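Need a 3D model of the sequence below.
(3 chains)
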Amino acid sequence: MASGRRINLPEGSPFERGEPVQFQFEGRPVEGYDNEPLAVSLLAAGARVFSRSTKFHRPRGPVCLHGHCSGCLMRVNGVPNLRTCQTHCRSGAVVERQTGWPSTGLDLFRAVDLFSGERLDHHGMFTASSAINRLAGSVVRRLAGLGEPPSADPQKSVPVSRFKSDVVVIGAGVAGLAAGRALGECGHNVVLLEAEEHRGGRLLDMATPEGWKQAAAEKNQLESVAGIEVHVETPVLAVYPGDPLEVVASNEGETLFISARRLVVCTGAYEQVPLFENNDLPGIFGPRALDRLTCGYGVVPGEPLVLVGDRDETLRLAARLVELDVALAGVVTSRRDTPDLEAVRRKNVEIFEDRRIVCAHGGKWLDRVEFAPLNSPQRDLVLDCRTCAVEAPEAPAYELAHHAGCRVSFSSQNGYRVVVNDEGQTSNSQIFAAGHVTGATSVSEAARAGERAGLACALSLKDDNKIRERLKSL
Amino acid sequence: MGRTIVCRCEDVTIEDLKQAFSEGYRDLESLKRYTGFATGFCQGKCCLAHAARFLSALKGGDDTVADPTRTRPLLHPTPASRFAGAAEPMEDE
Amino acid sequence: MRDRAELVIIGGGIVGLSLAYHLARMGMTDVVVLEQGYLCFGASGRNGGGIRQQWSTEVNIRLAQQSVRMFKQLARETGHNIWFRQGGYLFLARDARIAAELEKTVKLQNRLGVPTRLISPAMARRLVEGLNTEGVEVCSYNSTDGVLFPWPAVWGMATVVRNLGVEINTFTRVTGIDVKDNHVVKVVTDRGAVATHRVVNAAGAWSWQIARLAGLELPNKPYRHEILVTEPLKPFLEPMVSDLSDGTYFSQTMRGEILGGIADPQEPSSMETNSSFRFLARMCNSMIRILPRLSRVKILRQWAGYYDETPDGQPILGRVKPVEGFVQLNGFGGHGFMLAPAVGKIAAEWLLRKQDHQIFHTYDLGRFERGETRKENFTIG
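The predicted structure is shown next:
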């Protein structure tokens, strides 16, 4: 296995590694920590190919690091398709890859990718004769499926807890924390459901301890308000429309079935990777994922790195990485002369201006990235790198709200977002939404929107002049 | 082979989208079913916006993809054992 | 859109398209198909892909047999793979009454050439590893039943008929059927009208609405049925498994997903297509009871579609009084897809070559008035 390396976690990181543990990865012992996701330990140990893609058997690896893609799936202790970025190391765990033949590392079916031309028409294949059709069916069936069925013992049904709540807030990022706090301060009982282990959402991925401090401060503020019940590591799986709404959330220990009069959706947005040739090569991440990996978990999968983008967070990440002595091959941006870019320049990292990424190259892992000027197809820059973080517009996590009947709107710029009025109410009078799920573009905007939605939600439950005044003052 | 992957879960490339469009699958639901994007493990979290953008560009505007594909539970793949305990006994049992 | 046609088919699902498919292949292409949504919008795009010949009435068994033969050829004929896999259907019977019914039905199937066998729970456990047969009296198994992927069947037929000159109009809602002197003269849609003397109502759960436009009351009622699908896994389940006591069924698709549903006697007739937690919980509970290893398999998605049900669970086929030129091909409940190839061919031969067939008499609308209904016992989902 090639090189990933660990760097020291900054003080105050919520992602403390915990106790060292050893687990088995395809017969080899791997060192990890009991608070560290398996995917991270594997990257630190130099694991490259996590899986092979369904049709073309292309090498794949972790991408989003936040549990919304399928790049890090592996078999753990006899259970297939577990997101290793969401599964902590446990001593003695047996971790295996699932796809590829004869092995994930060396998959002969990659030949399909290499020899099938521009497209593989899975509708027309094997239709020449019925006999071929039947034979092909049994072969293709064998190739399909992400992993073998579970070999672990059948699991007993998880206990289901049914209860009522006036309000359920989904998401403990800045918007959700603000909404929950506002509702609690208005005297309402709130159940706040968060999928991750830590509260703070994107505050946890902001490349500096400032983000973590703010997240911790929000957490403390929330805890100082009575009547707010927080469940972390308890993702909401569905909201069924009706009156009351039915909110279903679940973790390993229990499933919650909550009848809610009101819902505040603060589910944020999914980081995306843009479209370019070979954008699926392991080693390509979004900046937020790379932030979590390097500054959160303290693992650099491969050096040198290239960062591509214009957002403050991306440039801040670049500056932080050079500060941590991580090797950067370049920063590609249209921004000019920001303090972070200066910091990068001071460490002799080249900054390339006004380019877009057009192609990535590599065998089983990223090798180099090609760029062209923003308004020209002519490639004029190649950067050798093992890790690349490239920006794309995020995709708001609109699904829960949409299924519960809320209207969404689309823009090519920002994808689908939940539509809300100025007070955060959606097209469904029972449901409010705030933050990046509605198209917010900054943490401060999300926090303000969260507070407004919380107050408006409180008002919708019980009219109160003081709350009305407070809402007006925002 | 250099490929631009739109849907990682189902290995749907930009060429697949173009081909499906040329064969007449021009609304988001049909395009999804015909190519398979958004039908895999992540159910479109990483690809739906890209596909909608693709269609919008070809059909002349964002209003042509105003509605996303139908959203259905579950938000994340979840073991059956998490729900079995909630089954109510039927009235005639 | 054409403004006149020899025949207008309302409904671009598998039944309507199967009719168009056979008509076109017989040379009749002056046909317009009207579909309110995208192809695969209705039940044809929402079903579990189950194809079985284990039915309790002779007519259904014969239609299913013929359809299975036709499905085997469909991929080759249309150039669209439907991934038809004859992995068998395994029915579990839990009480003595159902077991007795099953025995009778199997004898009937055998008489007609369907090789279903009554098998013991122990044998069933050999067919499905880990099957929980506690409380099961007897099972039936037919190895020539199977599952397919429904969407490419729809696309394949649509592509063939379009290439032959049939016009398929998607996103086109029928808003009226003009009848003059008890004869159909025109179909009106939100995109224009088509003059015609023959209309086929193959609108599935919307058939009763379409019929009303022509002044006809059908006894069909739509019922929501829900399905769930799991993460894709390597093949481990060969047959479709179904529990006759509660209508649970599930099978493994070509992609490796476990896909299935469960009957809900409490579900009222409606045009609801929202998903429910009730279904999710009941289905997971039942699946795990029948095959415990499914407890750790992850549910990926649930959805819903309609069964177009009639009072006796059998379709409504053929002419109706008093409207001339208004043919019914609907009321298939949960088994329209698997009978569509045969029904389409028979209906095409009837419409084009005036070849009469028993199904238009056994399953005519008038049977309800005459009290000659024939209940189909073997329904699931």
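
any idea how far C:Asp190 is from the nearest residue in space to C:Gly87 that is not next to it in sequence?
Counting by C-beta to C-beta, 6 or more residues apart in numbering or on different chains, C:Glu238 is the residue found nearest to C:Gly87 once chain neighbours are left out, at 4.5 Å. Placement of C-beta: from N, CA and C, glycine included. Computed as C-beta to C-beta, to the nearest Å, the C:Glu238 to C:Asp190 distance reads 46 Å.

Same check on C:Val136?
In this structure, C:Val136 and C:Asp190 are 51 Å apart, going by C-beta to C-beta.

and if you look at C:Lys72?
The gap separating C:Lys72 from C:Asp190 is 39 Å, by C-beta to C-beta.

Likewise for C:Leu112?
Here the distance between C:Leu112 and C:Asp190 works out to 45 Å (C-beta to C-beta).

The two: who's more crowded?
Applying other C-beta atoms under 10 Å in any protein chain shown to C:Leu112 and C:Asp190 shows that C:Leu112 carries more neighbours, namely 13 against 10.

Skipping its backbone neighbours, what lies nearest that one in space?
Computed as C-beta to C-beta, 6+ apart, the closest residue to C:Leu112 that is not its neighbour in sequence is C:Ile61, at 5.1 Å.

pretty sure the one you found is touching C:Gln53, no?
Yes. Using C-beta atoms under 8 Å, C:Ile61 and C:Gln53 qualify as a contacting pair, with a distance of 5.9 Å.

rewinding a little: any idea what the residue nearest to C:Gly87 is structurally, helix, strand or coil?
Judged by DSSP: H, G, I helix; E, B strand; the rest coil, the three-state class of C:Glu238 is coil.

Torsion angles phi and psi at it?
Geometry field for C:Glu238 lists phi and psi as phi -80, psi -60, criterion degrees, to the nearest 10.

Now for it, how many residues are close by?
The criterion is other C-beta under 10 Å. On that basis, C:Glu238 has 18 neighbouring residues.

Tell me how far it lies from chain A.
When distances are taken as C-beta to the nearest C-beta, to the nearest Å, C:Glu238 and chain A turn out to be 10 Å apart.

can you pull the contacts of that residue?
Remark: with contacts taken as C-beta atoms under 8 Å, 6 or more residues apart in numbering or on different chains, C:Glu238 is in contact with C:Gly87, C:Gly88, C:Leu127, C:Val128, C:Gln252.

hmm, try it at 7 Å
Residues touching C:Glu238, when contacts are defined by C-beta atoms under 7 Å, 6 or more residues apart in numbering or on different chains, comprise C:Gly87, C:Gly88, C:Leu127.

With secondary structure, pLDDT and neighbour count added, can I get those in a markdown table?
Conversion of these to a markdown table gives the following (DSSP: H, G, I helix; E, B strand; the rest coil; pLDDT from 0 to 100; neighbours: other C-beta atoms under 10 Å in any protein chain shown):
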| residue | secondary structure | pLDDT | neighbour count |
| --- | --- | --- | --- |
| C:Gly87 | coil | 97 | 21 |
| C:Gly88 | coil | 98 | 22 |
| C:Leu127 | helix | 98 | 18 |
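
Tell me the bridge partners for residue 32.
You didn't say which chain, so I picked chain A. A:Val21 (DSSP bridges).

Correction: the question concerned chain C.
C:Val8, C:Glu167.

just A:Ala389 next, same as before
Here A:Ala389, judged by DSSP bridges, has bridge partners A:Phe285, A:Leu307.

now it: how far from A:Val331?
To A:Val331, A:Ala389 is 10 Å away according to C-beta to C-beta.

Between those two, which contacts overlap?
Taking C-beta under 7 Å, 6+ apart as the contact rule, A:Ala389 and A:Val331 both touch A:Leu307.

returning to that earlier point: helix or strand for the residue nearest to C:Leu112, just tell me which one.
Assignment of secondary structure by DSSP states H and E places C:Ile61 within helix C:58-78.

and for that helix, what are the contacting residues?
By C-beta under 7 Å, 6+ apart, the surrounding residues in contact with helix C:58-78 are A:127-130, A:133, C:51-53, C:55, C:81-82, C:84, C:108-109, C:112-114, C:144, C:148, C:153, C:156-157, C:159-160, C:338-343, C:358-359, C:362, C:376.

Model confidence for the nearest residue to B:Gly40 once chain neighbours are set aside, exactly?
Nearest residue to B:Gly40 in three dimensions, chain neighbours excluded: B:Cys9, at 2.7 Å (C-beta to C-beta, 6+ apart). In the predicted model, B:Cys9 carries a pLDDT score of 98.

three-state assignment of B:Cys9?
In three-state terms, and counting by three-state DSSP, B:Cys9 is coil.

how near is it to A:Trp365?
Noted for B:Cys9: a distance of 20 Å to A:Trp365, by C-beta to C-beta.

rewinding a little: the residue nearest to C:Leu112: neighbour count?
Counted with other C-beta under 10 Å, the burial measure for C:Ile61 works out to 22 neighbours.

A:Glu210 too?
Here the count is done by other C-beta under 10 Å, and A:Glu210 has 12 residues near it.
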